[in-house]
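**Student:** coords please:
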Amino acid sequence: MLALFASSELPQLIQDHWPVAAAAATLLAVPLVLWKLAVRVIPNNKVGVVEKLWSPKGSVGDGRIVALGGEAGYQAELLRGGIHFGYWRWQYRVHVVPLVTVPQGQIGYVYARDGDPLPPSQTLGRVVDCGYFQDARAFLARVGEEAGHGQRGRQRAILREGVYAINPAAFVVMTESRAYSLIHLLDAQESTAVQAWHEQLAKSGGFHPVVIGGSSGAGETEVHDDLIGVVTIHDGPSLPPGEIIAPAVGTEPDGASYHNNYQDPEAFLAAAGRRGRQYAPLTDGTYFINRWFASVEMMAKTVVPIGHVGVVVSYVGRAGRDVSGTAFRHGERVEEGERGVWERPLGPGKYPFNVYAGQVIQVPTTNFVLHWITGKTEAHKFDEGLRSIDLVTRDAYEPLLPLSVVVHIDYQRAPSVIQRFGDVKKLITQTIDPMLSAYFRDIAHKKTMLQLLHERDQIQNEARAELRDRFRGFDIECVDVLIGKPTAAEADTKIAALLEQLRLRQLSIEQLETYERQRQAAEKLKTLNEAQAQAAIQVQLTNAQAEIQMAESRGAADLARARKQSEQLVVTAEAELARARKQAEQTVVTAEALAKEKVLAGRGEGQKALQIGLSEAAVVMRKVAAYGDPRLYAAALLADRLSNSTQPLVPQRMFVSGANGDTGAVAGGPLGLLLNLLLSEKTGVGSFADAPETAEFKGECDKLAREAMGALAGK
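**Tutor:** Sure, this is the predicted structure:
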């Protein structure tokens, strides 16, 4: 055939068979024309939007855009991939557009260009069962009915990942990458609005689900731990007057109105949900939420650390009964869920607390220190506004008192503290600070500067006891009060001069103590040296001590022997004295007898005998007079008798010592005393008259003298 057409014989052939050729050409042209005029081919990855140019039924009316009854205009049904017949080009125009594709993990938003207008109180179009906007007729079929019909405008329903055959004449679908619509249908204002919505959603991350506790979107690796999502609903009935937070609704999973964390807008509204900030936040998880319906604000969870409790001040809830009692006039303390200060604080932990619905005030339950020291503060920052307390003493010094106070708040009393003061810092700055400052200024007015320094411990103990009682009235406990060293202001030199005087005084005291210790050390050193020297000659000292003990033993033996001999001599002397006395008596008797005999014989012989007796008595008296004392005569007579004794008076070898340490004494007792007197008389050291007149010796001497005088008188 091609060879036939290419040959030069074709014109001739046509000329020869013209009628046949015309008929064949007509048969071939008619199908081509019909194909071109009535057949539409739609690729499988696209859809065809049918636009009816004219119709015997007229145009679409009642403010609608999509024709449902065969009217002229954009038709509700789409042409899917394949060959479609009957769509004549003079009556229909088919717009081929791509299918709507929502990528994995993203959200598609729908804007309906047709449907019932939204009422003034409604923001988004209600959800209609229309196959996710793929059945435009189902979306628009009930237009005009009371319920169940689609509404134009932005829709509450969203599209999840997938491919959708949605009529772009009825709906504009926005994904992160593009907006699916018939561009030529949108006027400038509508195009601007769609573009603005798209930019807003892209900026807020609305094309991605809300992820809490993980990465917030595709391609992001940042993990958002310890966060919650506070939801703000933009559709539905408004809050009643005076309310700032919408109450939680539809939170029961088994309930008919369970909206599954705002992911089902119709269930939320059916449960009487209100627009505005919601009380129930979103916790960890992934949520596909229509950002036109609800926006989500991320915020940190409320963390109550160990050693603290969280006192809840709720801004929402029903009005409760004050459980603090009628005597407490510092606000209301209510049960959990009611508006006011909750009676039970939150213990240590993490809480998904909505900070728009209330406030959690952390109160330390462990001991914490407050410094009234200029320039010093603790990590809790409660004392960052405190300064050293300026004082004026009784003697007009103006020191600055650094002070530290250890405070404890009982966790059960923490709500009472917050109810009374608002927070811990206000308690410190508005109550404790002025109270402590006034207390220590009153003390300083009664003390001198030296007393303030020296009596610090006493002042501290008194302040501890006093402040404990005062703090107890504010539901807090004063654990300890620590007073530092009073300091002076920068330009004040009086306190420095006083301290210098105290230092000099103390230095003097310490020097005295040092000298005394040095003296004691010198004495100890002397004792040590003596001990060392004594230890060096200890053997000699021991031997000498032994010899001393032996000598004392021998001396004691000799002394005992001498005493025995002295006693024997005394007995002998007494016997001699008795014999002499007897002889004298016999002599007197004999003389008397002879005198009597001589009287008879003759007075001459008597007179002679008397003269002889008187001569002998006169001799005795002269001897006594020569001694000057009869006792000396008796002692001489006793000594003469002892000298003629055959028994030695003194031992041949004897070491004696007087009781008073006088080694010159011969012996003790009366005999010893007598011998000492004789020795003293003979040697001229002393006199017999100097002898002590002991009772025993004097008695003996007097007795002898009386006897001698009696004898003489008798004669």
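**Student:** switch to C-alpha atoms for all contacts and neighbour counts from now on
**Tutor:** Will do.
**Student:** pLDDT score assigned to Ala218?
**Tutor:** For Ala218, the pLDDT comes out at 47.
**Student:** okay, now the unreliable bits of the stretch 551-700 of the chain?
**Tutor:** Low-confidence segments of the stretch 551-700 of the chain, defined by pLDDT under 70, span residues 595, 597-618, 622, 624-632, 635, 638-639, 641-700.
**Student:** please repeat the previous calculation with a cut-off of 50.
**Tutor:** 653-667, 685-693 (pLDDT under 50).
**Student:** can you check the chain too?
**Tutor:** Scanning the chain for pLDDT under 50 picks out 1-7, 143-144, 146-147, 218-222, 653-667, 685-693, 715.
**Student:** what's the domain layout of it?
**Tutor:** Following automatic domain parsing, one gets these domains for the chain: 40-203, 209-300, 303-354, 367-492, 567-714.
**Student:** endpoint to endpoint, the third one covers what distance?
**Tutor:** This points to domain 303-354. 12 Å (CA to CA, to the nearest Å).
**Student:** pull the distance from it to the chain's centre.
**Tutor:** 25 Å (CA atoms, centre = their mean, to the nearest Å).
**Student:** same question for the fourth one.
**Tutor:** What separates the centre of domain 367-492 from the centre of its chain is 18 Å, taken as CA atoms, centre = their mean.
**Student:** ok, now the second one?
**Tutor:** Averaging C-alpha coordinates over domain 209-300 and over its chain gives two centres that are 41 Å apart (CA atoms, centre = their mean).
**Student:** what about it, start to end distance?
**Tutor:** Per CA to CA, domain 209-300 runs 19 Å from first to last residue.
**Student:** also the longest one?
**Tutor:** The first residue of domain 40-203 is 41 Å away from its last residue (CA to CA).
**Student:** ok, longest helix in this protein?
**Tutor:** For the chain, the longest helix by residue count, based on DSSP state H, is helix 538-601.
**Student:** about what we covered before: can you redo the domains of the chain as TSV with mean neighbour count?
**Tutor:** Listed next are these as TSV, based on neighbours: other CA atoms under 10 Å:
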stretch	mean neighbour count
domain 40-203	18
domain 209-300	18
domain 303-354	18
domain 367-492	17
domain 567-714	15
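**Student:** can I get those domains in CSV including distance to Lys524?
**Tutor:** Shown next, in CSV, are these (distance: least, CA to CA, whole Å):
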stretch, distance to Lys524
domain 40-203, 93
domain 209-300, 75
domain 303-354, 59
domain 367-492, 35
domain 567-714, 33
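**Student:** go through the ones you listed and name the closest to Asn543.
**Tutor:** domain 567-714 (20.2 Å; CA to CA).
**Student:** restrict stretch 507-527 to CA atoms and write it as PDB.
**Tutor:** These are the backbone C-alpha positions of stretch 507-527, laid out as PDB (Å, rounded to 0.1, in the frame of the first residue of the first chain):
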ATOM      1  CA  LEU A 507      47.800  39.900 122.600                       C
ATOM      2  CA  SER A 508      48.900  41.100 126.000                       C
ATOM      3  CA  ILE A 509      46.900  38.400 127.700                       C
ATOM      4  CA  GLU A 510      48.300  35.800 125.400                       C
ATOM      5  CA  GLN A 511      51.800  37.000 126.000                       C
ATOM      6  CA  LEU A 512      51.300  36.700 129.800                       C
ATOM      7  CA  GLU A 513      49.900  33.300 129.300                       C
ATOM      8  CA  THR A 514      52.900  32.500 127.000                       C
ATOM      9  CA  TYR A 515      55.400  33.600 129.700                       C
ATOM     10  CA  GLU A 516      53.600  31.600 132.300                       C
ATOM     11  CA  ARG A 517      53.700  28.600 130.100                       C
ATOM     12  CA  GLN A 518      57.400  29.200 129.400                       C
ATOM     13  CA  ARG A 519      58.100  29.400 133.200                       C
ATOM     14  CA  GLN A 520      56.200  26.100 133.700                       C
ATOM     15  CA  ALA A 521      58.100  24.600 130.900                       C
ATOM     16  CA  ALA A 522      61.400  25.700 132.500                       C
ATOM     17  CA  GLU A 523      60.300  24.100 135.800                       C
ATOM     18  CA  LYS A 524      59.400  21.000 134.000                       C
ATOM     19  CA  LEU A 525      62.700  21.000 132.200                       C
ATOM     20  CA  LYS A 526      64.500  21.400 135.600                       C
ATOM     21  CA  THR A 527      62.500  18.500 137.000                       C
END
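**Student:** what separates it from the chain centre, distance-wise?
**Tutor:** Centre-to-centre, stretch 507-527 and its host chain are 45 Å apart (CA atoms, centre = their mean).
**Student:** please apply the same query to stretch 296-311.
**Tutor:** The answer for stretch 296-311 is 22 Å, by CA atoms, centre = their mean.
**Student:** show residues contacting that stretch.
**Tutor:** 210, 226-232, 341-342, 344-353, 360-366, 411, 414-415, 418 (CA atoms under 8 Å, 6 or more residues apart in numbering).
**Student:** can you measure across it, start residue to end residue?
**Tutor:** Where stretch 296-311 begins and where it ends lie 26 Å apart, using CA to CA.
**Student:** over to stretch 405-422?
**Tutor:** 21 Å.
**Student:** of all the domains of the chain, which one is nearest Thr514?
**Tutor:** The nearest among the domains of the chain, by CA to CA, is domain 367-492 at 22.9 Å.
**Student:** mind checking the backbone torsions on Pro119?
**Tutor:** When quoted as degrees, to the nearest 10, the phi and psi of Pro119 stand at phi -70, psi 160.
**Student:** picking that back up, which helices and strands does the longest helix of the chain pack with?
**Tutor:** helix 603-627, helix 630-643, helix 669-683, helix 695-714 (3 or more CA pairs under 8 Å, 6 or more residues apart in numbering; DSSP states H and E).
**Student:** which residues does Ser404 form beta bridges with?
**Tutor:** Beta-bridge pairing for Ser404 (DSSP bridges): His371, Leu482.
**Student:** again, but for Val47
**Tutor:** Val97.
**Student:** so how far is Tyr132 from Lys259?
**Tutor:** No, residue 259 isn't Lys; it's His. 18 Å.
**Student:** my bad, should have said His371
**Tutor:** Distance from His371 to Tyr132, by CA to CA: 67 Å.
**Student:** ok, Ala573 next?
**Tutor:** 163 Å.
**Student:** go on, Glu336?
**Tutor:** Going from Glu336 to Tyr132 by CA to CA gives 43 Å.
**Student:** swap in Arg441?
**Tutor:** Using CA to CA, Arg441 is found at 79 Å from Tyr132.
**Student:** of the domains of the chain, which is nearest Ala557?
**Tutor:** Comparing the domains of the chain by their distance to Ala557 (CA to CA), the top pick is domain 567-714, with 9.6 Å.
**Student:** all set, thanks.
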